[in-house]
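> Sequence and computational prediction follow.
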Amino acid sequence: MLNRKNLIIVAVVLVALVAVSALQSTRHEAATGQASSQTLIEGDWTRTNLDRVTVGFGQDNEVVVLTAGDPDWRVASAWNARADANKIDTLLRTLSGLRGEFRSDSQDVLGDYGFADSTSIRIRGYADGGAEVFAIDVGNKPAGGRGNFVRRQGSDEVFLSTADVLGNLGLWSGPERPQSRHFLDLVAYRGDREAVDALRLEGDESLVLRKQYSMVEPAPDDTTGAGPQPDFKQWEWRLGDGTPVQKTKADGILGTAVNLRAQDVVDPAPGLAFYGLDPAKRTLTIEPREGDPVVIRFGLERPAEGKAPGGLYAQVGDDPTIWVVGTYNANNLFKARADLLPE
């Protein structure tokens, strides 16, 4: 156990170390003209006070372009497809008030930090009217550390930010060409499973799956004279001809139909026939109890190539977006009659 004299000595040493550290920091700031930590992006930026965000790579300043819409933001660089609001929000939270620790102000070593003309990531934000409100370049990840090296637009001053800016762009391994696909909302269709009354499947076979609801008797004190009413939360399934089918398998089709996820989007300019969607190879019609049916068409298959995932081309209703839906998801919808019958 330390006695009083030893404690005093330890305290004096600690005070001396703090003083040396402060002196070194002061000399560093005097030599470089920089505080050790700086705010690189001023203000809080959200989808409500921005009109546009661009992500560039090397000399191309607009590899990914995100634009405000009503009500949804859009990925303008991916044929104006709907953007994933959560991914945009995550990126903007990271950029708002972004801080970094000063590392260098020498132009000669910019490449060592990943700020080469051919590989630097460039992020720009614009408010209404097109005014640029923030501009940051992102370089490498530090060896064995977390975060990214960053700099202000056109500056030689390099800072280390602990924020994972590259990860928010889908670039978890380091700087490379960003992909618009990272920011896409890849839910091609979402609906309410309890609101669906029937499913029509047109493919190798034509099947109709219709719910048969459980009936609930009126309460004993009900004086309205109403008969049994359907319970829209409880159902079995029947084929169009009344044949019972396995509930778990039909519910699986319903679950995929009302939460249909895609892998990618493609350029709609070549037209529906180019993608095998006019006429469609297969169609799914979702019939709600109320409102208009939703028709989802499936066309030709796109093979996976490089970073482009494979799947079937699909279109939901009249939305011009052409989706690439995973083959597995499509096969979950179009079952053979024999596969649905009770064992």
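That came through fine.
> burial measure for Pro288, as a count.
15 (other Cβ atoms under 10 Å). All C-beta spots, glycine's among them, are computed from the backbone N, C-alpha and C.
> Using the three-state scheme, assign Glu290.
State at Glu290, reduced to three classes by DSSP: H, G, I helix; E, B strand; the rest coil: coil.
> Quick check, pLDDT for it.
According to the prediction, Glu290 has pLDDT 94.
> For it, give me its contacts.
Contact partners of Glu290, counting by Cβ atoms under 8 Å, 6 or more residues apart in numbering, are Ala195.
> where does the stretch 1-150 of the chain have low pLDDT?
1-35 (pLDDT under 70).
> quick one: the strands in it?
Using DSSP state E, counting those that start in this stretch, the strands of the stretch 1-150 of the chain run over 37-39, 52-57, 60-67, 74-75, 81-82, 99-104, 121-126, 132-138, 148-152.
> Which one, of the ones you listed, ends up nearest to Ala280?
In terms of Cβ to Cβ, the element of the strands of the stretch 1-150 of the chain nearest to Ala280 is strand 81-82, at 19.9 Å.
> Run me through the strand neighbours of the closest one, direction for each.
strand 74-75 (antiparallel) (DSSP bridges).
> contacts for the strand it pairs with?
64-67, 80-83, 180, 183-184.
> In CSV, list the strands of the stretch 1-150 of the chain along with mean neighbour count and distance to Lys335.
As requested, these are exported to CSV (neighbours: other Cβ atoms under 10 Å; distance: least, Cβ to Cβ, whole Å):
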stretch, mean neighbour count, distance to Lys335
strand 37-39, 13, 57
strand 52-57, 21, 41
strand 60-67, 18, 38
strand 74-75, 21, 33
strand 81-82, 23, 29
strand 99-104, 19, 54
strand 121-126, 22, 45
strand 132-138, 20, 47
strand 148-152, 25, 47
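> Kindly export stretch 43-54 (C-alpha atoms) in CSV.
Below are the C-alpha coordinates for stretch 43-54, written out as CSV (Å, rounded to 0.1, in the frame of the first residue of the first chain):
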residue,chain,number,x,y,z
GLY,A,43,-24.5,22.1,-38.9
ASP,A,44,-27.0,19.3,-38.7
TRP,A,45,-28.1,18.0,-42.1
THR,A,46,-31.2,15.9,-42.8
ARG,A,47,-33.5,15.0,-45.6
THR,A,48,-35.7,18.0,-44.6
ASN,A,49,-33.1,20.7,-45.1
LEU,A,50,-31.2,19.2,-48.1
ASP,A,51,-32.2,19.0,-51.7
ARG,A,52,-29.4,16.9,-53.1
VAL,A,53,-26.4,14.8,-52.1
THR,A,54,-23.7,13.6,-54.5
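> Which positions within that stretch qualify as buried?
45, 47, 50-54 (16 or more other Cβ atoms under 10 Å).
> farthest-separated two in those residues?
Arg47 and Thr54 (14.8 Å).
> Look up which helix or strand Ala250 falls in, please.
Element membership for Ala250 (DSSP states H and E) is helix 247-257.
> Show me which parts of that helix are buried, residue by residue.
249-250, 253-254, 256-257.
> The residue lying closest to Pro142 once chain neighbours are set aside in helix, strand or coil?
Counting by Cβ to Cβ, 6 or more residues apart in numbering, Pro142 lies nearest to Leu160, which is 6.1 Å off, once chain neighbours are set aside. Under the three-state scheme (three-state DSSP), Leu160 adopts strand.
> what's near enough to touch Leu160?
By Cβ under 8 Å, 6+ apart, the neighbours of Leu160 are 100-101, 103, 142, 145, 147-150.
> Any figure for the gap between it and Asn61?
Taking Cβ to Cβ, to the nearest Å as the measure, Leu160 falls 24 Å from Asn61.
> Check Asn49 too.
In terms of Cβ to Cβ, Asn49 sits 22 Å off from Asn61.
> Could you list the buried residues of stretch 194-205?
Going by neighbour count (16+ other Cβ under 10 Å), the buried part of stretch 194-205 is 196, 198-203.
> What about these, which are in strands?
Cross-referencing the buried residues of stretch 194-205 against strands under DSSP state E gives 196, 198-202.
> From those, pick the one nearest Gly242.
Nearest member of those to Gly242, counting by Cβ to Cβ, is Ala198, at 13.0 Å.
> how far away is that closest one from Pro71?
30 Å.
> tell me which element the spatially closest residue to Pro228 that is not a sequence neighbour is part of?
Closest residue to Pro228 apart from its sequence neighbours, by Cβ to Cβ, 6+ apart: Met215 at 4.1 Å. Assessed by DSSP H and E, Met215 sits inside strand 206-216.
> Specify the angle between whichever helix or strand comes after that strand and strand 196-202 in degrees.
From strand 206-216 onward toward the C-terminus, using DSSP H and E, the following helix or strand is strand 229-239. Put simply, strand 229-239 runs at 10 degrees to strand 196-202, going by axes from the mean of the first three to the mean of the last three Cα atoms, to 10 degrees.
> now strand 229-239 against helix 247-257, angle please.
Going by the same axes, to 10 degrees, strand 229-239 makes 90 degrees with helix 247-257.
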